[in-house]
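[1] after the sequence you'll find the predicted model.
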Amino acid sequence: MASAATDFLIGKIASIIEQESSLIGGVRDDLEEVRRELVSMKSFLKDAEDQKSHTTTAVDETWVADVRDLAYEVEDAIDEFMYHMNQQQGGVSFARFLHQTIYLPKNLWEKHRIATKLQKIIKIVKAIPERRQRYIVDRREGKRSDEDKWVQNHGESTLFMKEEELVGIEDNKIKLMGWLMDEDPRQTVVSLFGMGGSGKTTLAANVYKNEKVKRYFNCHAWITVSQTYVIKELFRRLIKEFHQASKEVVPADLNAKEYRELVEMLHNYLKEKRYLVVLDDVWDPNFWTEINKSLPDTRLGSRIILTTRKEDVASSFGVKSHPFSIEPLPRREAWTLFCIKAFSNYPDKSCPPELESLAWQLLEKCEGLPLAIVALGGLMSSKNAMSDWTKVCNNLNWQLSDNPMLEKFNRVLLLSFNDLSYRLKQCFLYCSLFPEDYEMKRKRLIKLWMAEGFIEHVKGVTPEEVASDYLMALTSRSMLQVVDRNPSGRPKLFRMHDLMRELAVSVSEKEKFCAVYDGTEDMEHFGARRLSIILARDKEIKAWTGMSQLRSFLVFASDMDASSSSNKLPSGFKLLRVLDLEDFLTIEKFSVELIGNLFNLRYLNLKGTPIKELPKSISSLCNLQTLDIRDTDIETLPKGVTKLKNLRHLLMYRYCHDDEAGSNFRYVKGTRAPWKMSKLNKLQVLACIISEGDIIKQVGSMTQLIRIGITNVKEDDEKDLCLSLQKMKLLQYLFLMVTDEEETLQIDAISSPPPLLKTLILVGKLIKVPRWISCLDNVVKLYLHWSRLVEDVLSHIASLPCLGELTLVNAYVGEKLCFCEGFSKLIRLNLMSLPQLEAIAIEQGVMPHLQQLLLVRCINLKTLPKGIEDLSNLQRLDLLEIPVELIERIRMGGVDRHKVQHISSINLHSSPFGIWSYENLADLKTRTSKDTCKERFEGVKPSPKSSSMFPGLTMKKEEQGLSSRRKISPVRQLRDGIMSRRLMILICSADELTGEGRWFAGVDPPTIQVLVNNG
């Protein structure tokens, strides 16, 4: 990571030298000399990180740490200098002249001070390699090969695993064997991919050893590839493996053969054979193009099994292939495996009752990762006392990094981390600032990474697009997990595996990259560059020495409400680049001094806070890129916002949280913007502004916008609105809302709509469907709210080629909706508040990919949609405030029960007495293994701010700005609701609470009512 710090700093110095020459006169030469020295160091640092292994010398580690600390010191000096010099640049021209004249001696002194400091740093830079050279010991060549040998031994050791440790692989084994022996004569690749320790190699080894498989193939070979390889050596190992497996003599002169001869030997040996080859632990996306030259397609049914952590490696071969993602172990199998390892000396290998709660706590950290379960189980097998178990639970971070019994698992995870580029390492470690199990939004991560300067400048590509590619790279390597996707399939929510996060926290603290403070330990001095505080109820934010050097400060107040005592932010953050206070409910005002001193700030997130106004000093944040004031009490922006020339994202809409699932017209409010907003020529996101004055004309000149939201649109705005929208050729997201439900939204005059538009949300009465909507070839999400159309809307949108989600909220006043054709990509259909609707018809072949159907408050819809039985991909049906006649028809024994038997989740939500109840009407046998009580209760916890306590409407409420809180076990959420006397009725099968019952310990029985549904 030291090379990342120096690389970032080199670019920063170069940028300052190039762009700020007027400010740095007198220190320019010193900066240039520091830059040259850092460039010289960078190459060695990258080599040091590439070769990082357990044989790295202590001298090397000390040297790398010295360079990292020095790079941080240089960055501090430069930022402090730029902070001081920019303070002298404010004000209008004459005032600035007087200010600079008065402060000229101070400026000269400041330049002298920084020059002296840089000269001192240059001496230290030159001294570091000399000192290292004096104390260096034999560097011992071959560290990389030692690491590769460990990887090979670890992979091939799975060929000798005990049968009792092979838990939960039977279904995957059957599927894999089916692909291997399906009698298709074509050469086929089966690629197993997943995060390190997920069991890819274990599954491959178990199938490879199977006697039935061995008899099916004429010859077989297993080779471990790893991160670095020499292709000729792999050819030699293949030849050797084939001969030894067939008990044949290995050619004596094999080591003398060159590339062409080795390929010919393999071709000659395999040309009349059906062979099986396992290529374990592949990292390079180009590996297949190199190895396949030696593996001829004999048209005899040969098979190649390839294991990899990287999804891109698993997906492109040019031959028939079966990419197969290895999923975590289900809960029951994970518990079985943990007990086998942890309680091997107990009768029946069962967990003692007194340790069960702690055992589950540790197991949940593993999240179904077999290697983690085996490692932690092995560690705990030597611990019998509850105090020992509690100690491990409380300091798992230390155990992972320092306990020798977890070394193997730790090294497996580090292989993935060390394979990342330095920019991806920074982005990955930054994610550890979020709390455990936190669901991170794609757009939030992108803005944070941009603010920190992690994103490489790529000519012709926006930083947002580059950052999005970084996210995809981390997910394809299984470093981040995708929690949710939008209708087009692009990931929008991510999380870190608990143990991957523990690794990131450990590395971050060691490298002083970032730290997380949760109040469990006292901390007097703070040395990291970034800090997140996880604040518990009635706790205050502390100030520590060293906080003045912070670049990122994030607060997560997960257990607070508005009644908690108020909090005050520490001062002295003059070098801060990121200030993220999302959902921090106990901060009511912003210090003018604090804002005015944050010259370096790039990202300010106040979303969900009770702040009522921004100080006028916001205008001094000349580097600000993102300002997020969604769901605050700020109704008007200060005039100084128009001075923020670098602003790219301005988010300022407020949701009306009393809107229950589309029951009201107004569910969002905009914010008043000052005059001359068009001066912000870098702005990409503007959502939402109130239409008043000539604001709609102004946005017409902001052609760089990709997202815009406008509220309080009036009929008189039609001409200016349509002209402005036609100019926005880059627009991807459009939200328009009229002043009230009687106002008509006039947008028919648009002749050429934005060609890249992906999301269209129209709120207000429409006389007819705008004809240009049928031309939106890229639109993925269409949302019509309170349109009250008389004409059929479906015929105008059925042929949209990319439409993945359609939501109609009081958008149609007819009695019947007929889906006659099209909707080929539709995945989600939400029909809400359609009081006149009596029937829905779906013709055969229409909506072939529909997965989710939501019906809310359709009070006259007494029968199922006709044709629902033909929607073979429908996985989820949610019903809220639907006539009881329809419900009875689909219950067990109902006349329409057979039409919904293929749907794995049929969710009925109701609140007859003000108490939310939830019932899954689906057959147990049709429910998927993932459709557990835990997952169906995602987001169900009652909240004063949210009336959406039912699954299926989380998308809607997410759009309405509700917070993405830290996620915990939903059954535990239910238990928390009971403990706080908020009663919920759960209707499910009895066995669905198995394994979750521990959360109900201590609950007073009269406060919970569980209705068991056996049908």
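    Here it is on my side, so go on. Residues are numbered from 1 along each chain as shown.

[2] residues near K727, how many?
    Using other CB atoms under 10 Å, K727 is surrounded by 15 other residues. Just so you know, the C-beta spots here come from the backbone N, C-alpha and C atoms, and that holds for glycine as well.

[3] what's it in contact with, if anything?
    By CB atoms under 8 Å, 6 or more residues apart in numbering, the contact list for K727 reads 700-701, 703.

[4] kindly report the same for L782.
    Contacts of L782 by CB under 8 Å, 6+ apart are 760, 773, 797, 800, 803, 805-807.

[5] can I assume it sits in a strand?
    Yes - assessed by DSSP: H, G, I helix; E, B strand; the rest coil, L782 belongs to a strand.

[6] what are the bridge partners for it, then?
    Beta-bridge partners recorded for L782 (DSSP bridges): L760, L806.

[7] what about it, distance to V793?
    Remark: distance between L782 and V793 (CB to CB, to the nearest Å) = 9 Å.

[8] picking up where we left off before, so which of the contacts of L782 comes closest to C351?
    Of all the contacts of L782, C351 sits closest to E805, with 44.5 Å by CB to CB.

[9] give me the pLDDT for that closest one.
    Residue-level confidence at E805 comes out at 97, pLDDT.

[10] what number of residues lie near it?
    For E805, using other CB under 10 Å, the count is 21.

[11] now the one 10 residues further on
    The burial count assigned to E815 is 11, neighbours taken as other CB under 10 Å.

[12] what's the answer for L877, then?
    For L877, the neighbour count with other CB under 10 Å is 24.

[13] grab the nearest non-local neighbour of it.
    Nearest residue to L877, sequence neighbours excluded (CB to CB, 6 or more residues apart in numbering): I906, at 4.8 Å.

[14] next up, the contacts around A314.
    If a contact means CB under 8 Å, 6+ apart, then A314 has 191-193, 306, 308, 323 as its contacts.

[15] where along the stretch 201-350 of the chain do the helices fall?
    Under the criterion DSSP state H, counting those that start in this stretch, the stretch 201-350 of the chain contains helices at 211-216, 231-245, 259-270, 287-291, 331-342.

[16] any idea whether the residue nearest the centre of the chain is helix, strand or coil?
    By CA atoms, centre = their mean, the chain has its centre lying nearest to F494, at 2.1 Å. Classification of F494 using three-state DSSP returns strand.

[17] ditto for S191
    strand.

[18] returning to what we had before: which one of the contacts of L782 is nearest to D284?
    Comparing the contacts of L782 against D284 with CB to CB places E805 closest, at 37.4 Å.

[19] contacts only, for the closest one.
    Neighbouring residues of E805 by CB under 8 Å, 6+ apart: 486-487, 780-782, 826-830, 955.

[20] try it again at 10 Å.
    Going by CB atoms under 10 Å, 6 or more residues apart in numbering, E805 touches 486-488, 759, 779-783, 825-830, 852, 955.

[21] before we move on, what about L756?
    Taking CB under 10 Å, 6+ apart, we find L756 in contact with 706, 728-733, 776-779.

[22] among those, name the buried ones.
    When these are checked for burial by 16 or more other CB atoms under 10 Å, the buried set is 706, 728, 731-733, 776, 778-779.

[23] now Y208: how far from A673?
    According to CB to CB, Y208 and A673 sit 65 Å apart.

[24] how about K443?
    From K443 to A673 the distance is 21 Å (CB to CB).

[25] before we move on, what about T475?
    Computed as CB to CB, the T475 to A673 distance reads 36 Å.

[26] more neighbours: which of the two?
    Neighbour count, other CB under 10 Å: between T475 and A673, A673 has more, with 25 against 15.
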